[in-house]
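Visitor: coords below, sequence missing:
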């Protein structure tokens, strides 16, 4: 498989990148973002753009011919107005996804959303309804496969770091407790490793539409373990 990855410098995206590079059936990973990942690997190709709303014709040419897109870009809604959050969450995602769907409709698109997302798109929680509208719009695009991942607590496993200061503090203070809870309830406390393996699993399957809660993500990842690493 050839994988297109957005958000590879974030905590989740970095973990997903690691799993893609380890997977024996992944022959190429192209990351797209405003900054380089800092990694060097024979499978890895990077496209650095100044503006994700307008990557430019050269970047778009490099983004064609991929089997799956793993979309791990995201921002916290804290401190943002609804208009700002809509622009960075819904508008940016759809701007890129609509173009990808027109270029490669056979692609599988996997979007990192979040537990508690409001599928009606009209709930009281601002972030949840914006995410819900984003999910609905993505599932309506003509991709061969579209999978919405809704993890709850995500734990970094291999040195990945959140870009959000409050989350970094949480992981530093509560990390041991969270990892203990993961051992007790692994289907609810997902690691970046599990999310990456689950994305690869649904990309291998390809077709379909699904909203995947934490337990669904865990099942997909654990079922995929024997074929993921070679």
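Guide: It's in. Note that this is a predicted model, so its numbers are computed, not measured. Residues are numbered from 1 along each chain as shown.

Visitor: how close does the most centrally placed residue in the chain get to residue 124?
Guide: Nearest to the geometric centre of the chain sits residue 72, at 2.8 Å (Cα atoms, centre = their mean). Distance, residue 72 to residue 124, using Cβ to Cβ, to the nearest Å: 27 Å. Yep, even glycine has a C-beta here, placed from its N, CA and C like the rest.

Visitor: give the contact list for residue 101.
Guide: Residues near residue 101 by Cβ atoms under 8 Å, 6 or more residues apart in numbering: 107, 109, 141, 142, 143.

Visitor: any weak-confidence spans in this structure?
Guide: Applying pLDDT under 70 to the chain flags residues 161-171, 173-175, 178, 224-230.

Visitor: how about 50 then?
Guide: Across the chain, residues meeting the criterion (pLDDT under 50) sit at 226-227, 230.

Visitor: where do the strands sit along it?
Guide: Per DSSP state E, the chain carries strands over the ranges 2-6, 28-33, 44-48, 68-71, 108-112, 145-150, 153-155, 189-191, 208-213.

Visitor: columns mean neighbour count on top of those strands, output as a markdown table?
Guide: Converted to a markdown table, those look like this (neighbours: other Cβ atoms under 10 Å):
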| stretch | mean neighbour count |
| --- | --- |
| strand 2-6 | 25 |
| strand 28-33 | 22 |
| strand 44-48 | 16 |
| strand 68-71 | 27 |
| strand 108-112 | 25 |
| strand 145-150 | 24 |
| strand 153-155 | 20 |
| strand 189-191 | 23 |
| strand 208-213 | 16 |
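
Visitor: how far away is residue 49 from residue 70?
Guide: Residue 49 is 17 Å from residue 70, where distance means Cβ to Cβ.

Visitor: residue 107 contacts residue 100, correct?
Guide: Yes: here residue 107 reaches residue 100: they are 6.3 Å apart, a contact under Cβ atoms under 8 Å.

Visitor: just want to know which of the two has more residues nearby.
Guide: Taking neighbours as other Cβ atoms under 10 Å, residue 107 and residue 100 compare with residue 107 leading, 25 against 21.

Visitor: now do the contacts for the nearest residue to residue 39 once chain neighbours are set aside.
Guide: Spatial nearest neighbour of residue 39, chain neighbours left out: residue 17 (7.2 Å); criterion: Cβ to Cβ, 6 or more residues apart in numbering. The neighbours of residue 17, taking Cβ under 8 Å, 6+ apart as the test, are 5, 8, 29, 31, 37, 39, 44, 196.
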